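> Sharing a model prediction with you, sequence too.
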Amino acid sequence: QLVESGGGLVQSGGSLRLSCAASGRTSSNYVMGWFRQAPGKDREFVAAVTWNGGDSFYADSIKGRFFISRDTTKSTGYLQMSSLKPEDTAVYYCATGPHADVVTRATDYMYWGQGTQVTVSS
């Protein structure tokens, strides 16, 4: 089970930190990723990190502004978002999958959270 939190309304240029609490078989040594889906658009990859945090990968659209991490002692992942823009407005989902390396396709992920809304006002 994955449970996201930390979403909300923020002004352009602001910051938010999303959390993803994992339990059960979702946390083990699985890769963790974040995706987002804006109204009327497909779900898109945002960032991913390996189970031990040793490797990460970011979408070009958020590179340099977002930072993904995880605390294996707490079975929790994080997405620190800075310099937010109105186009970052979306529902953000965390997901995990049985891969040792970072993967970017939604179909590579087995478990998904319910999503948390992030709204950036201009």
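Perfect, thanks for sending it. Predicted, not measured: the structure shown is a model, and the values here were computed from it. Residues are numbered from 1 along each chain as shown.
> May I have the secondary structure class of the residue nearest to the spatial centre of the chain?
Closest to where the C-alpha atoms of the chain average out (Cα atoms, centre = their mean) is residue 34, at 2.4 Å. For residue 34, the assignment made with DSSP: H, G, I helix; E, B strand; the rest coil gives strand.
> How about it: what's its closest non-neighbour residue?
Closest residue to residue 34 apart from its sequence neighbours, by Cβ to Cβ, 6 or more residues apart in numbering: residue 46 at 4.3 Å. Just so you know, the C-beta spots here come from the backbone N, C-alpha and C atoms, and that holds for glycine as well.
> picking up where we left off before, so the residue nearest to the centre of the chain sits right up against residue 56, yeah?
No - applying Cβ atoms under 8 Å, one finds residue 34 not in contact with residue 56, separated by 10.6 Å.
> Need the overlap of contacts for the two.
47, 48, 68 (Cβ atoms under 8 Å, 6 or more residues apart in numbering).
> Nearest to residue 87 among those residues?
Residue 87 has its nearest neighbour among the shared contacts of residue 34 and residue 56 in residue 47, at 16.1 Å by Cβ to Cβ.
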